[in-house]
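>>> When you get a sec, could you give me coordinates for this:
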Amino acid sequence: MNYLLISLLFLLSSLQFARAQQLEMAFEWICSTTNTADFQIRVTNTGTIPITFNALIIRGVHAANLTTGTITWQALNDNTLPGWLNWPNTGTTNLPYVSSQRKLNFSSSTSIFTNVTAPLIPSGSGIVVGTFRMFTTTTWVPNSDFGFVWEATSGGIVGYINGGTTVTSIQHYDVPGGTICGGCLTVSASSEQPLNLSASITPANQSFCSAATVSDLSTSPLYIIPQIASILWYDTQTGGTALNPTTLLNNGTYYASQMVNSCESATRAETTVNITPSTTNTTPISSCGTYTWANNGQTYTSSGIYSVTTTNCITETLNLTISPSTINTTLISACESYTWANNGQTYTSSGIYSGTTANCITENLNLTISPSTSNTNLISACGTYTWANNGQTYTASGTYNGTTTNCVTEILDLTITPNTTNTTPISACGAYTWANNGQIYTTSGIYTGTTANCISETLNLTITPSTTNTTPISACGTYTWVNNGQTYTSSGIYSGTTANCVTENLNLTISPSTSNTTPISACGTYTWANNGQTYTASGIFNGTVINCVLQVLDLEIIDCISDSDNDGLTDYDESFLCTNSSLFDTDSDGISDGDEDAQESDPCDPCSPNINSGNCILGIHIPTAFSPNGSGFSENNVYQIIAGQDIAKIAFKIIDRWGNILFESEDKEFQWDGSYKGQKCNNGIYAYFVDVSYSTGKIETLSGNITLIR
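Okay, the predicted model is just below:
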């Protein structure tokens, strides 16, 4: 059972790790011919937990209308990587394909690998586990896209997680439960999957002037979904090496193919190239500021040599010299009017005026006409005021004239207010932050703050040190602190209220409330020393609490008076003896059980006290209880069996619940005092096993329970 539990816990742990793990399974396109197409499956461990490979499930659909023929597919070759045991071992057998759904539906065998032989799925670039080939009995639609996408609700990888011995299905969709790790796999497919690439559409003839390169050649790719194919140019119709785009063209024939994802078209389109030498016609021009060239209608603002379109390999060139058109602006400020010497005109209002132009320089007048006015400055100051206009300091209110600038005379309308002080007394604990200036003070003193309306704020501060008073408290379970009325359930140091700069702290130790149960069996009544109470009925009773431990009494009151068979022994006494509480004379020797016990003969042995009795005992008699507490019947202070005259030998063992052998003997008259290694055994039920050999040669093994009561 323990082994099964450990295995289940290991499995659950492995699944939990795997759900945090990531595997990636990629459908990677290789290339296509007119009637075949190759792809490969790459598997990568993108997480940190080791996973080994068992099997692969490829389920997905491709685009419609790719061919008029019948589609099949095979594993292109068995895996030759070390440790991969020629996976997938399918040979040239066609793999499952659902034509009505355009669906690839292959599940590799799960019996190729075991948890011992399964190869590790690597991280980084992963590993290509297999290459596959699609076939059509006719041809693929030229320049179409295979368009494979993974099925959203099936497929995945079967593997062993973190050294596990059972396989886990690792899926890219969420299916919880069992040995399935849902959402632990990422699937992807190449964005381009070209089929049956043909040559691009290319003009039959292309003409260039002088030094044209391969990059100047023109052609139109046919494969445009999901992206335009790249074009390769050759100088041979078949074979050869693709030309570098910077290769210079010569008169002759060139051939174009298209390529997608390293898959190149099988055919090439032909074009004839004609190269004509280029010539140039240059026109020199000088201009101010800008120049618009009639050749192309463009306006130029800087000097340079400009080329326009080429016609019949003749390029028109403009050699242009631009002298920048500039403006020389004269700033003038005047009162009322101004006469400009540049043109002799008189102006009475502000504005920008243009004058004459010489050598591309235009003279401008930026004129400000200001009326003669005054500007009055209203100023309120505390005590004194120094006017920046004239540098003078004033101590009395009044109206004062300053300098005149730009036709404006400055006037000062001054109000002087006397300086006063407002003092605020404050007492604080430890530190005080003054709202007036935001400053924090930690010592007593008089501090100056801001001034508003000629009133300076002053702080008269008294700082009293902050202290702490800690009260240690121990409590059971919870404690309610009268300081703040809060109830606490865990030990800790808690802060309460603060008065006169003294903060009350509570150092609280919470001990959990527990209970200690004492089982007791008693005759008639029982007085419990814990609380001095006397109980007359069975039950469970609560006593005092000491160190957070509640004392509990589990009491059983026993009837120790009744004597059902009137043999002189109470039923309670007979429960510890071999006698039967319903038989007056258990061994039928003519002497009551009580009389035999009184004269210390065995009431269960017809041979005791008279060995010549015709009812001398046969067989073995095994008591089921005894009370080795030194009181009551002497027979009950030790445990012993009665072996009849037909018993040849015995082997007797007493065992506790953990399988320890507490006592063993081969003596038919053994006595056990209820101890083990010198220590008294606790109240309880113990098992016995006895091998019995009879004088007839019969052998048997008996077992049962013994109740020990103190």
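>>> from what I can see residue 512 touches residue 477, true?
Yes - taking contacts as C-beta atoms under 8 Å, residue 512 lies within contact range of residue 477: 6.8 Å. Yep, even glycine has a C-beta here, placed from its N, CA and C like the rest.
>>> Mutual contacts of the two, please.
Common contacts of residue 512 and residue 477, defined by C-beta atoms under 8 Å, 6 or more residues apart in numbering, comprise residue 548.
>>> Mind checking what helix or strand follows the worst-scoring helix or strand of the chain on mean pLDDT in sequence?
Within the chain, no helix or strand scores below helix 2-20, which has a mean of 41 by mean pLDDT, DSSP states H and E. Sequence order places strand 23-32 as the next helix or strand after helix 2-20, per DSSP states H and E.
>>> Give me the buried stretch members for that next one, please.
Going by neighbour count (16 or more other C-beta atoms under 10 Å), the buried part of strand 23-32 is 23, 24, 25, 26, 27, 28, 29, 30, 31, 32.
>>> From the contact counts, what lies against that strand?
Counting contacts by 3 or more C-beta pairs under 8 Å, 6 or more residues apart in numbering; DSSP states H and E, strand 23-32 packs against strand 36-45, strand 51-61, strand 156-161, strand 185-189, strand 194-195, strand 263-264.
>>> who wins for proximity to residue 483 among the ones you listed?
Of all the helices and strands packed on strand 23-32, it is strand 156-161 that lies closest to residue 483, at 57.0 Å by C-beta to C-beta.
>>> average pLDDT across the helix or strand just after that closest one?
Using DSSP H and E, the next helix or strand after strand 156-161 towards the C-terminus is strand 168-170. Mean pLDDT, strand 168-170: 93.
>>> quick one: strands adjacent to the helix or strand just after strand 168-170?
Once the chain leaves strand 168-170, the next helix or strand it forms, by DSSP H and E, is strand 180-181. Strand 180-181 sits in its sheet next to strand 168-170 (parallel), going by DSSP bridges.
>>> Specify the local secondary structure of residue 551.
Following DSSP: H, G, I helix; E, B strand; the rest coil, residue 551 is assigned to strand.
>>> and it, what does it touch?
Under the criterion of C-beta under 8 Å, 6+ apart, the contact list for residue 551 reads 515, 516, 518, 530, 542, 543, 544, 545.
>>> Low-confidence stretches in the stretch 451-600 of the chain?
575-576, 590 (pLDDT under 70).
>>> ranges for the strands of it?
Shown for the stretch 451-600 of the chain, the strands assigned by DSSP state E, counting those that start in this stretch span residues 455-464, 467-476, 479-480, 487-488, 492-499, 502-511, 514-523, 526-527, 534-535, 539-546, 549-558.
>>> Buried by neighbour count: which residues of the second one qualify?
Pointing back at strand 467-476 there. Buried residues in strand 467-476 (16+ other C-beta under 10 Å): residue 475.
>>> What lies in contact with that strand?
With C-beta under 8 Å, 6+ apart as the criterion, strand 467-476 contacts 479, 481, 493, 501-513, 545, 548.
>>> Using PDB, write down the CA coordinates of it.
This file holds the C-alpha atoms of strand 467-476, laid out as PDB (Å, rounded to 0.1, in the frame of the first residue of the first chain):
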ATOM      1  CA  THR A 467       9.300  56.500  25.400                       C
ATOM      2  CA  THR A 468       7.700  53.000  25.400                       C
ATOM      3  CA  ASN A 469       6.100  51.000  28.200                       C
ATOM      4  CA  THR A 470       6.000  47.300  27.500                       C
ATOM      5  CA  THR A 471       3.600  44.900  29.300                       C
ATOM      6  CA  PRO A 472       4.400  41.200  29.000                       C
ATOM      7  CA  ILE A 473       1.300  38.900  28.900                       C
ATOM      8  CA  SER A 474       0.900  35.200  28.400                       C
ATOM      9  CA  ALA A 475      -2.500  33.800  27.400                       C
ATOM     10  CA  CYS A 476      -4.200  30.700  26.000                       C
END
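>>> Run the angle between that strand and strand 549-558 for me.
Angle of strand 467-476 versus strand 549-558, following axes from the mean of the first three to the mean of the last three C-alpha atoms, to 10 degrees, is 10 degrees.
>>> Would you give the sheet partners of strand 467-476, along with the direction of each?
Applying DSSP bridges to the sheet, strand 467-476 is found paired with strand 502-511 (parallel).
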